[in-house]
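> this is a predicted model, with the sequence first.
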Amino acid sequence: MCSDDTETAPILPAVSDDWRTGYVSIVGRPNVGKSTLMNALLGEQLSIVTAKPQTTRQRILGILSEPGLQIVFMDTPGLLEPEYKLQEFMQRSAVRTIHESDVTIAMVDASRALRDLDRDIIGHIKGSSGPVILAINKIDRINKERVLPLIEKACQRFQFAELIPISALNNDGLDELLKAVTERLPIAHPMYPPDTLTDQPERFFVGEIVREHIFTTLHDELPYACAVTVDDFKDRENGKTYIHATIVVEKTSQKGIIIGSKGHTLKRIGTGAKVSIETFLGRPVYLDLWVKVLPTWRKRENDLKRLGYQ
């Protein structure tokens with residue numbers, strides 16, 4: 001269940017004195033598997049996932065509610081050295097989330113774990129207001145004999161509350177990770193109704209799904225020059241939801257590539273996105289995609305704000 005624009009008093013579950021609730025950030029370098037982990041922990045495809053790094057641009061909030069427990073996970077953009085305004089926004093969003101967390105999950109890729117735990121990353125996680133758990137992801141891709149030395153070297157770089165090898169893709173080690181997180185959450189009443197999955201509206205995730213299909217359809221650097229705005233989102237009498245979305249690019253040549261010969265590329269993006277959106281919303285949709293040029297939007301703060309990057 002996503003949020004909507006209707007302001008009503010939330011119906012919260014009855015609670016006991018030992019109820020645990022808190023914010024848990026998932027942070028790390030690009031492409032370490034943060035979005036895959038949050039989706040696996042929630043059992044829902046909430047954050048978009050592609051093989052390309054820097055897919056996540058904004059903090060995505062996902063809520064796990066179980067008897068006596070509510071964890072508000074926050075998937076964050078990958079921590080990197082910013083090269084332009086959009087990446088500066090992404091960096092600020094991730095760092096701010098660390099500071100706001102009750103528990104931080106720092107993720108590294110097992111095949112490059114010590115590089116992922118460089119001085120900059122350690123500096124960021126030191127800003128966590130709560131304990132930091134290290135999740136060593138993708139252990140299915142390395143020799144098991146390498147895991148223990150990795151753990152020992154990681155312990156030398158930071159005083160982690162716990163170190164847990166996992167494979168987010170294969171759901172390996174996630175029970176142990178969830179247990180470690182839960183034990184460190186504060187005693188507090190739940191903040192959201194038990195059937196709430198996120199605080200973002202449906203139209204936000206529609207835009208993310210379109211962007212996901214841009215990443216999976218196009219190659220090289222072009223997807224990074226694209227943003228998506230959902231300009232119209234309304235239910236029609238025929239039972240279909242009408243969605244008008246705009247793909248924003250920086251150059252006229254990029255617009256031509258996205259549209260493709262006789263519109264084939266744009267149609268391919270739209271067809272794939274429509275199927276995914278219907279699965280996500282649970283109802284039929286009519287997706288109307290357009291492309292427009294907004295020069296150097298990634299470098300202009302005012303353009304970023306207009307495109308929803310606050």
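Good, I have the coordinates.
> next, the distance between the ends of stretch 112-132.
Distance between the boundary residues of stretch 112-132 (CA to CA, to the nearest Å) amounts to 19 Å.
> and the contacts of it?
Stretch 112-132 has contacts (CB atoms under 8 Å, 6 or more residues apart in numbering) with 22, 25, 27-29, 32, 79, 81, 94-95, 98-109, 136, 150, 153-154, 157-158, 160-161, 184. The C-beta positions use only the backbone N, C-alpha and C, and glycine is treated the same way.
> tell me the buried residues in the longest helix out of those in the chain?
Longest among the helix segments of the chain by residue count, using DSSP state H, is helix 264-281. Burial within helix 264-281, assessed by neighbour count using 16 or more other CB atoms under 10 Å, is assigned to 265-266, 269-270, 272-274, 276-277, 280-281.
> strands paired with the following helix or strand past that helix, and their directions?
Sequence-wise, the next helix or strand beyond helix 264-281 is strand 285-293, with elements assigned using DSSP states H and E. Sheet neighbours of strand 285-293, with direction, are listed as strand 241-249 (parallel) (DSSP bridges).
> in the strand it pairs with, what counts as buried?
Of the residues in strand 241-249, those buried under the neighbour-count criterion (16+ other CB under 10 Å) are 241, 243, 245-249.
> and for stretch 154-166?
The neighbour-count check on stretch 154-166 (16+ other CB under 10 Å) flags 154, 160-166 as buried.
> and these as a markdown table, adding pLDDT, distance to G260 and secondary structure?
Rendered in a markdown table, the data for the buried residues of stretch 154-166 read as follows (pLDDT from 0 to 100; distance: CB to CB, whole Å; DSSP: H, G, I helix; E, B strand; the rest coil):
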| residue | pLDDT | distance to G260 | secondary structure |
| --- | --- | --- | --- |
| A154 | 90 | 46 | helix |
| F160 | 96 | 48 | coil |
| A161 | 96 | 50 | coil |
| E162 | 95 | 49 | strand |
| L163 | 95 | 47 | strand |
| I164 | 95 | 44 | strand |
| P165 | 95 | 43 | strand |
| I166 | 96 | 39 | coil |
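> average pLDDT across the helix or strand harbouring R96?
Under the assignment given by DSSP H and E, the secondary-structure element containing R96 is helix 85-100. Per-region confidence: helix 85-100 scores 94 on mean pLDDT.
> next: stretch 173-187.
The predicted model assigns stretch 173-187 a mean pLDDT of 96.
> CA atoms of it as PDB?
Coordinates of the C-alpha atoms in stretch 173-187 are reproduced here as PDB (Å, rounded to 0.1, in the frame of the first residue of the first chain):
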ATOM      1  CA  GLY A 173      21.800 -14.600   5.600                       C
ATOM      2  CA  LEU A 174      18.800 -12.300   5.700                       C
ATOM      3  CA  ASP A 175      17.200 -13.900   8.700                       C
ATOM      4  CA  GLU A 176      20.400 -13.300  10.700                       C
ATOM      5  CA  LEU A 177      20.600  -9.700   9.400                       C
ATOM      6  CA  LEU A 178      17.000  -9.000  10.300                       C
ATOM      7  CA  LYS A 179      17.500 -10.500  13.800                       C
ATOM      8  CA  ALA A 180      20.600  -8.300  14.300                       C
ATOM      9  CA  VAL A 181      18.700  -5.200  13.300                       C
ATOM     10  CA  THR A 182      15.600  -6.000  15.400                       C
ATOM     11  CA  GLU A 183      17.700  -6.500  18.500                       C
ATOM     12  CA  ARG A 184      19.100  -3.000  18.200                       C
ATOM     13  CA  LEU A 185      15.900  -1.100  17.500                       C
ATOM     14  CA  PRO A 186      14.500   1.100  20.300                       C
ATOM     15  CA  ILE A 187      11.400   0.200  22.300                       C
END
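> buried residues in that stretch, which are they?
Buried positions in stretch 173-187, judged by neighbour count with 16+ other CB under 10 Å: 173-174, 177-178, 180-182, 184-185.
> go on, stretch 75-89?
Neighbour counts over stretch 75-89 (16+ other CB under 10 Å) mark 75-79, 85-87, 89 as buried.
> farthest-separated two in those residues?
Greatest spatial distance among those (CB to CB): D75 and K85, at 21.5 Å.
> alright, I will stop here.
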